[in-house]
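# Structure for this input, please:
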Amino acid sequence: MPKNDQKDLLDLDSFLPYRLAVIAARVSKSMSALYAAKFGISIAEWRVIAHLARSERVSVRDIHARVNLDKVKVSRAVSRLEEAGLVLKANNAADNRLLDITLSEQGWSVYRQIVPLASGFEADLLSVLDDAERAALERIFEKLHSRLDDDPAAPRRSPPEG
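Reported below is the predicted structural model:
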């Protein structure tokens, strides 16, 4: 195998896609420690709960399209949440092949308890940035999203849900 010249090597420490993936994984894992210990839910389950709180009644297909998880993980998360009594499933009136998923009262209770934890986590994380840096970060995110929105091969934008 030929030895690579150093100029041919990709510097992962400065490669934007790698850096974004690492920081996203670290943020999700750190935040999940807050709700995993108290509520016994995973990152995937939290994303499903957060999406249901915003959307009220949706299918697994809808959740999959919005929360940046593959369909199998979404299906498993929904099943575990149903077993825990946090979500309810019902037949979709318009399409019998789909199930509508909603938060149960217990699911809403868990959501309402996690929101302050998530907001506090976000505030603590952002506390290292001053107002100008926060505004710049928002502009940067919007520019990167817009660039990806212009790419027909790029996945569609989904909301951040921890």
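# CA only for contacts and neighbour counts going forward, please
Fine.
# what about Ala93, is that helix, strand or coil?
In three-state terms, and counting by DSSP: H, G, I helix; E, B strand; the rest coil, Ala93 is coil.
# Just list what the lowest-mean-pLDDT helix or strand in the chain packs against, helices and strands only.
In the chain, no helix or strand scores lower on mean pLDDT, DSSP states H and E than helix 60-67, which sits at a mean of 80. Where contact means 3 or more C-alpha pairs under 8 Å, 6 or more residues apart in numbering; DSSP states H and E, helix 60-67 is packed against helix 43-55, helix 71-83, strand 99-103.
# Which of those has the lowest mean pLDDT?
The stretch with the lowest mean pLDDT among those is strand 99-103, at a mean of 89.
# hmm, who's touching it?
Applying C-alpha atoms under 8 Å, 6 or more residues apart in numbering, the contact partners of strand 99-103 are 49, 52-53, 56-60, 86-92.
# Low-confidence bits of the chain, can you list those?
1-7, 95-97, 154-162 (pLDDT under 70).
# of the helices and strands packed on helix 60-67, which approaches Arg139 most closely?
Closest approach to Arg139 among the helices and strands packed on helix 60-67 is made by helix 43-55 (23.8 Å; C-alpha to C-alpha).
# so that closest one versus helix 71-83, what angle?
With axes from the mean of the first three to the mean of the last three C-alpha atoms, to 10 degrees defining the directions, helix 43-55 sits at 80 degrees from helix 71-83.
# List the buried residues for helix 43-55?
In terms of neighbour count (16 or more other C-alpha atoms under 10 Å), helix 43-55 has its buried residues at Ile43, Ala44, Glu45, Trp46, Arg47, Val48, Ile49, Ala50, His51, Leu52, Ala53.
# tell me what it is packed against?
Contact partners of helix 43-55 among helices and strands, from 3+ C-alpha pairs under 8 Å, 6+ apart: helix 16-39, helix 60-67, helix 71-83, strand 99-103, helix 105-126.
# Out of those, which one sits most buried?
Ranked by mean neighbour count, the helices and strands packed on helix 43-55 are led by strand 99-103 with a mean of 22 (mean count of other C-alpha atoms under 10 Å).
# before we move on, the earlier item: closest one to Ser14 among the helices and strands packed on helix 60-67?
Across the helices and strands packed on helix 60-67, closest to Ser14 is helix 43-55 (C-alpha to C-alpha), at 26.9 Å.
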